[in-house]
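Peer 1: okay, here's the prediction I keep looking at, along with the sequence it came from:
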Amino acid sequence: MIVSGQWLKCDDEVIRPSVLGQVRAADGQMVDVTFLLDAGADRTVFSSRFLSLLQPLETSEDQIHLAGVGGSVDSITIATVIAFVRDDGRRVTVRGSFGQFAKAENAELSVLGRDITNNFSVIYDYPNQAVALLAAPHYYVIKKAS
């Protein structure tokens, strides 16, 4: 299985690896979400711009602690479904509890963390402009250049 991503030029002119997903909103609709692929992120977190779409989904009293280089940030915990389109056009879904930034200034993009990406071989290949999530039967091999 391959989920293809892309190198996305963000508002700050920095190019970052991303993958398009869909998130089940409170009304049951699947909403497109661009996720920043972040190998250093422990958890998947939605940007605050989805707050109105995702609430009143089931929330948890167990708040996910979110902290990074800039310090701790306020968040809520949302139980929902995230889907990704595979190379064969079918969707793969992940159910779980995910964080959501409470304030707009916390993050421009939603972040796809290792709670999801640990299920895949993740390729961030800027020189070849490739971004991909791989799972069986697909795999990669690293060969020494001749």
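Peer 2: Nice, thanks for sending it over.

Peer 1: where do the helices sit along the protein?
Peer 2: 51-54, 114-117 (DSSP state H).

Peer 1: weakest of these by average pLDDT?
Peer 2: Within these, the stretch with the lowest mean pLDDT is helix 51-54, showing a mean of 67.

Peer 1: what segments of the protein are strands?
Peer 2: Counting by DSSP state E, the chain has these strands, from start to end: 2-4, 6-9, 15-24, 30-37, 45-46, 66-68, 71-73, 75-85, 91-101, 110-112, 121-125, 130-134.

Peer 1: let's have those in CSV, adding mean neighbour count, mean pLDDT and distance to residue 140.
Peer 2: Backbone N, C-alpha and C define where each C-beta goes, glycine included. Formatted as CSV, these follow (neighbours: other C-beta atoms under 10 Å; pLDDT from 0 to 100; distance: least, C-beta to C-beta, whole Å):
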stretch, mean neighbour count, mean pLDDT, distance to residue 140
strand 2-4, 17, 96, 10
strand 6-9, 15, 96, 18
strand 15-24, 20, 95, 16
strand 30-37, 18, 94, 16
strand 45-46, 26, 89, 27
strand 66-68, 15, 53, 29
strand 71-73, 11, 57, 34
strand 75-85, 19, 88, 18
strand 91-101, 18, 88, 18
strand 110-112, 26, 93, 19
strand 121-125, 15, 95, 6
strand 130-134, 19, 96, 6
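
Peer 1: out of these, which is closest to residue 53?
Peer 2: Comparison of the strands of the chain against residue 53 by C-beta to C-beta identifies strand 30-37 as nearest, at 5.7 Å.

Peer 1: so what are the sheet partners of that closest one and their directions?
Peer 2: Strands adjacent to strand 30-37 in the sheet, as given by DSSP bridges, are strand 15-24 (antiparallel), strand 110-112 (parallel).

Peer 1: any idea of the angle that strand forms with strand 75-85?
Peer 2: Per axes from the mean of the first three to the mean of the last three C-alpha atoms, to 10 degrees, the angle that strand 30-37 makes with strand 75-85 is 100 degrees.

Peer 1: quick one: the closest residue to residue 113 other than its chain neighbours and residue 29, what's the gap?
Peer 2: The shortest distance from residue 113 to any non-neighbouring residue, by C-beta to C-beta, 6 or more residues apart in numbering, is to residue 41 (3.7 Å). Summarising the geometry, the distance separating residue 41 from residue 29, computed by C-beta to C-beta, to the nearest Å, is 26 Å.
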